[in-house]
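Colleague: generate a structure from the sequence data that follows.
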Amino acid sequence: MLPTLPRYVLREIARLYAVGLALFLILQMTDVLSTTVGKAMQSHASFGQFMTALLAIMPDKLNRALVMSVPFAMLLGLSRLQKDSEIKAILAAGIRPLSVIWPLLLPALLIGGVTFYNTSTLVPAGQARWERTWYGIYGQLPPIPSQDKYTYAPQGALYYAGRVTPDAAGQTAQLSGVMVRRGDDTLTALVGQWNPANKTWTLTDPWVTRPGQVPTQTLGQLSVPQNDTLQPPPPDPRKVSTVQLRHELAGTALTPESRRNYQYQLASRYADPFTPIAFALAAGGLGLLFRSRIAATGAVVVFIASFYVLWITMQSLAPAGALDPVFAAWLPSLVFLVLGLVLAWRLR
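Modeller: Sure thing, here's the model as predicted:
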């Protein structure tokens, strides 16, 4: 291929990529500002607090803009070359259409690298700082993390709590929706308290059920032995680094649902940076088919909307166990990769 051709095409795509990056950043930040300025003013937030919040959310918005700008630039740029018959001139010179697309995968790979670093480190830290900043603006403390559906089953007993909420110091915990089964006795209560130092669960006004007897309620406090260790619930996987995600997955404290969520979050941090490459291949093939800038603009909307519908759907299906978390994280990118390979085969 002529050495000047890759530079010419890359220059055309890079110019539109810069436009797309600015456009998508402005659109996203406009949405953030429209939903936060009023809240900040009502809560009398200082300028420093407000700017801290904006800078905290910026890595996440930048990630999306970096990825969305790829199909924007590819579709509009290549359609412009097609409309002005420059693609015809390239073909007349004996250069295959794919030779126009292959050089564009290198900058897509670079964008993927930036996205990977951003996703693994800056985005999780920014999400955590965004939440802390807004609790500070509202003059509140962040809520204590709670654990849902706690179950402990030593020999001959079963302990269950719908929710375990540790206190601020982590020395005791409040229990909600409590059930304890020891031998033939089944105790149920709306609330209770866990004291790990005394190794007890204390139930408030529990109901006692025994085989062949009518359930009776015991008014006051009833303590039963409980030898499990009170562990803090796992952190929100969206707000921890990739290294910490792997550390939590290596342990045994995660519930099946939490483990699926962690697996999905970890896999998505590798799959999402691959998306620019899949987008470049698919959008490159589509861009060579459009002669109209209007058609290419419509394709940008359909392209991005289709990806995000599939991406958001996977976020719901993976933690629920409907799909393997790793497969769900990679599926959106793989769909567009297959589309790109099919188009590449047609243009070969």
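Colleague: check which helices and strands the longest helix along the chain sits against.
Modeller: In the chain, with assignment by DSSP state H, the single longest helix is helix 4-42. Packing partners of helix 4-42 (3 or more Cβ pairs under 8 Å, 6 or more residues apart in numbering; DSSP states H and E): helix 47-83, helix 98-101, helix 105-117. Bear in mind the C-beta positions are built from the backbone N, C-alpha and C, glycine included.
Colleague: tell me what angle the longest one forms with helix 105-117.
Modeller: Our comparison of helix 47-83 with helix 105-117, counting by axes from the mean of the first three to the mean of the last three Cα atoms, to 10 degrees, yields an angle of 160 degrees.
Colleague: which parts of helix 47-83 are buried?
Modeller: Buried positions in helix 47-83, judged by neighbour count with 16 or more other Cβ atoms under 10 Å: 49-50, 52-54, 56-82.
Colleague: need the strands for this structure, in chain order.
Modeller: Secondary structure of the chain (DSSP state E): strands located at 147-152, 157-166, 173-182, 185-195, 200-204, 207-209, 216-217, 221-225.
Colleague: for Ala250, which of the ones you listed is the nearest?
Modeller: Taking Cβ to Cβ, strand 147-152 is the member of these nearest to Ala250, at 19.0 Å.
Colleague: tilt between the closest one and strand 157-166?
Modeller: Angle of strand 147-152 versus strand 157-166, following the same axes, to 10 degrees, is 150 degrees.
Colleague: give me the buried positions along strand 147-152.
Modeller: The neighbour-count check on strand 147-152 (16+ other Cβ under 10 Å) flags Gln147, Tyr150 as buried.
Colleague: these two touch, right, Met314 and Leu334?
Modeller: No - with contact defined as Cβ atoms under 8 Å, Met314 does not count as touching Leu334 (11.0 Å).
Colleague: would you mark the buried spots in stretch 319-335?
Modeller: Neighbour-count burial for stretch 319-335, counted by 16+ other Cβ under 10 Å, picks out Pro319, Leu323, Asp324, Pro325, Val326, Ala328, Ala329, Trp330, Leu331, Pro332, Ser333.
Colleague: my guess is the first one contacts Tyr264. True?
Modeller: What that stands for is Pro319. Yes - using Cβ under 8 Å, Pro319 is in contact with Tyr264, at 6.4 Å.
Colleague: shared neighbours of those two, which are they?
Modeller: Common neighbours of Pro319 and Tyr264 (criterion: Cβ atoms under 8 Å, 6 or more residues apart in numbering): Pro325.
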